[in-house]
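**Q** quick check, what structure comes out for this input:
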Amino acid sequence: MVPLHITTQLFARHQSTPSFEESRALETIAVQEESASSTSQPIVISWNCDDSDNPRNWPKRYKVLVVFLISLYSFIVYCGSSIILPSYLGVMLRFQESKLITSFILSLYVFGYGAGALLFSPLSEIAFIGRNPPYILSFIIFTILSIVLGTIESFPALLIVRFLQGFFGSPCLATGGASITDVCSGNAVGYGYTVWVACIYAGPGLGPLIATPAVTRFNWHWSMWEVAIMAAPLLLLLLFFLPETSHDTILLRRAQRLRHLTKKQNIAAPSELYRHGVSTHVRGALVRPAEIIVKDPAIGFVCLYCSFIYGIYYSFFEAFPVVYEGIYGMRPILFAATFLASVIGTAIAIVLYVPYLRYCAEPLEALVSANRYEELVNPALPATVFTTIGLFIFAWTAHASINWAVPTDGIVLFAGSTFIIYQAMLLYIPQTYPRYVASLLAASDFTRSTTAAVIIMVSPYMYDNLGIGKGVSLLASISVLGIVGMCVLKRYGARMRAASRFAVDESSGSLETLERGAFQQQTEGSKPWLCQVDNA
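**A** Model (predicted):
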């Protein structure tokens with residue numbers, strides 16, 4: 001059943017009487033008009049106290065619905081990357097291509113969803129667009145492209161369409177975290193991120209296992225048909241059950257509705273006072289994150305390290321066939337099951353991380369007010385160590401004389417550790433760099449995806465020339481730098497933030513964007529009737 005406040009958002013423009021929240025807003029407008037010095041002065045629409053249209057005040061079941069849909073969306077898109085692996089042999093035989101060239105159908109998909117994030121993330125931050133249009137329109141195209149891939153008979157066309165499929169699947173990866181932040185705040189954000197990232201990790205791990213039976217029985221096209229089969233029902237769920245969660249968009253629609261009801265054109269939403277053109281918004285979203293990554297050492301390290309371990313994760317799609325098919329002689333279905341190591345590692349990490357959220361990180365507001373953001377990095381410190389250990393275990397034990405479960409344990413350890421690192425960074429960056437969080441996450445998505453795409457293409461050369469042992473040991477040795485970097489971030493992070501012009505204003509401790517904070521100071525002044533509530 002669609003909630004009443006969502007129905008109100010969808011159909012209020014066609015009604016001649018105001019909704020309950022609009023009636024409260026009209027009372028606020030009347031009070032402001034009495035106090036205003038000029039009738040031309042903007043009357044700014046904000047949230048009422050306990051506003052039922054505020055996504056952070058929605059009932060818990062509707063917040064769970066949003067997190068569930070975004071997580072399922074992300075699972076399908078990430079599953080779409082690795083689900084093509086069982087089709088490699090069929091593609092190589094059908095088009096007479098080498099394995100290296102065939103691997104482009106994976107790397108181009110990964111690069112595509114990184115490139116798409118740079119476009120769709122800033123679009124979703126524009127108030128008159130909102131979150132849902134990029135989600136739904138792009139996913140319609142994603143679903144259509146998945147069907148096309150199920151019938152395609154040209155290798156160049158296969159590469160192009162795979163890139164486009166990844167590109168149009170990217171909105172959930174670019175702004176999924178923003179949607180979760182829209183409906184959750186404070187302590188609840190960490191739990192929402194945990195579910196979302198768990199689905200992101202589960203997707204590539206389950207992809208080969210999902211596709212192998214159908215590809216083995218029918219043909220290589222079936223891996224893409226299975227993406228379409230998963231995507232079509234989700235598309236219907238998004239169309240009918242995913243509410244708009246962007247605060248700016250909801251307030252803009254309310255302001256438009258109130259202007260229509262009252263015929264007063266000086267009623268404005270917050271976004272209308274600092275509105276920029278689409279091209280300006282997109283250009284700023286592309287340039288500023290790059291500037292921050294280059295000039296801010298904390299963000300630069302986080303992006304580089306997360307990109308590196310993400311690239312290692314995708315290099316396993318080239319290493320696993322060498323180890324489990326080449327060394328251990330596994331049949332296709334058993335080989336596909338080895339990718340479940342990342343799912344098992346993630347599940348173990350969740351069991352460990354949720355208690356941390358409950359008992360250590362829940363006083364988030366206390367950490368913020370005390371300017372102790374670096375406390376959020378704590379779980380990542382041991383995780384960086386175990387990431388390196390997991391890689392060395394895999395590198396040194398992948399031998400025919402050692403049971404296959406031993407190197408797989410290294411992958412379990414690696415996957416669980418990197419999951420915790422990503423969780424810690426997802427909490428740290430939005431709290432310390434709130435002004436640019438959407439663009440920074442999109443830029444991080446792009447750098448991670450680009451790194452992964454490159455590593456997918458070069459890892460066959462590395463493993464052919466160095467072997468699995470030396471090749472993975474090289475990656476493990478480089479990952480030691482991440483241990484050092486994370487310790488530096490924990491020890492000197494506060495000092496680096498104090499010297500950064502991009503970080504949060506420590507004196508205020510505000511979690512809102514600096515632009516909006518400045519806007520509120522200009523428009524609210526000492527007006528006590530403007531009540532803004534952001535409850536979890």
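
**Q** list the contacts for the one residue sitting closest to the centre of the chain?
**A** Residue closest to the average C-alpha location in the chain (Cα atoms, centre = their mean): L173, at 3.8 Å. Applying Cβ atoms under 8 Å, 6 or more residues apart in numbering, we find L173 in contact with 74, 77-78, 113, 117, 200, 445. C-beta: built from backbone N, CA, C; applies to glycine.

**Q** part of a helix, is it?
**A** Yes: under DSSP: H, G, I helix; E, B strand; the rest coil, L173 falls within a helix.

**Q** that one and F167, how far apart?
**A** Between L173 and F167 the distance is 11 Å, computed by Cβ to Cβ, to the nearest Å.

**Q** quick one: common contacting residues for these two?
**A** Y113.

**Q** isn't A319 up against I468?
**A** Yes: applying Cβ atoms under 8 Å, one finds A319 in contact with I468, separated by 5.9 Å.

**Q** what's the neighbour count on Y314?
**A** 23 (other Cβ atoms under 10 Å).

**Q** confirm for me that it is in contact with A452.
**A** Yes: in this structure, Y314 is within contact of A452 by Cβ under 8 Å, at 4.1 Å.

**Q** picking that back up, now, the contacts of L173 that are in helices?
**A** Secondary structure from DSSP state H places 74, 77-78, 113, 117, 200, 445 of the contacts of L173 in helices.

**Q** ok so, going back, let's have the contacts of L173 in CSV, adding neighbour count and pLDDT.
**A** What follows is these, written out as CSV (neighbours: other Cβ atoms under 10 Å; pLDDT from 0 to 100):
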residue, neighbour count, pLDDT
S74, 25, 96
V77, 30, 95
Y78, 24, 94
Y113, 29, 89
A117, 26, 85
I200, 21, 93
D445, 27, 83
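
**Q** what about stretch 263-274, distance to the chain center?
**A** How far stretch 263-274 lies from its chain's middle: 31 Å, per Cα atoms, centre = their mean, to the nearest Å.

**Q** what is the end-to-end distance of it?
**A** In stretch 263-274, first residue to last residue: 22 Å (Cα to Cα, to the nearest Å).

**Q** now do stretch 334-341
**A** 12 Å.

**Q** what about the closest residue to N465 other than its chain neighbours, how many neighbours?
**A** Distance criterion Cβ to Cβ, 6 or more residues apart in numbering; nearest residue to N465, sequence neighbours excluded, is G471 at 8.0 Å. When neighbours are counted by other Cβ under 10 Å, G471 registers 21.

**Q** pretty sure G471 contacts Y461?
**A** No: with contacts counted by Cβ under 8 Å, G471 stays clear of Y461, the gap being 9.5 Å.

**Q** so what's the residue nearest to N465 up against?
**A** 319, 395, 459, 462-463, 465.

**Q** what's the answer for D445, then?
**A** 113-114, 117, 121, 170, 173-174.

**Q** between the residues you listed, which is closest to I70?
**A** Closest approach between those and I70, by Cβ to Cβ: L173, at 10.1 Å.

**Q** give me the neighbour count for N403.
**A** For N403, the count of nearby residues is 12 (other Cβ under 10 Å).

**Q** quick one: it from R497, how far?
**A** 47 Å.

**Q** cool, Y191 as well?
**A** With Cβ to Cβ as the criterion, Y191 and R497 are 26 Å apart.

**Q** and the contacts of D445 as TSV, adding distance to L381?
**A** Converted to TSV, the contacts of D445 look like this (distance: Cβ to Cβ, whole Å):
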residue	distance to L381
Y113	30
G114	28
A117	28
S121	29
S170	31
L173	26
A174	28
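
**Q** between those, which is nearest T346?
**A** The closest of those, once distances to T346 are taken by Cβ to Cβ, is L173, at 16.7 Å.

**Q** any chance you could map the strands in this protein?
**A** Secondary structure of the chain (DSSP state E): strands located at 43-44, 267-268.

**Q** mind giving me JSON lines with those and columns for mean neighbour count, mean pLDDT and distance to S52?
**A** As requested, the strands of the chain are arranged in JSON lines below (neighbours: other Cβ atoms under 10 Å; pLDDT from 0 to 100; distance: least, Cβ to Cβ, whole Å):
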{"stretch": "strand 43-44", "mean neighbour count": "23", "mean pLDDT": "81", "distance to S52": "20"}
{"stretch": "strand 267-268", "mean neighbour count": "22", "mean pLDDT": "82", "distance to S52": "20"}
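
**Q** many thanks, I have nothing further to ask.
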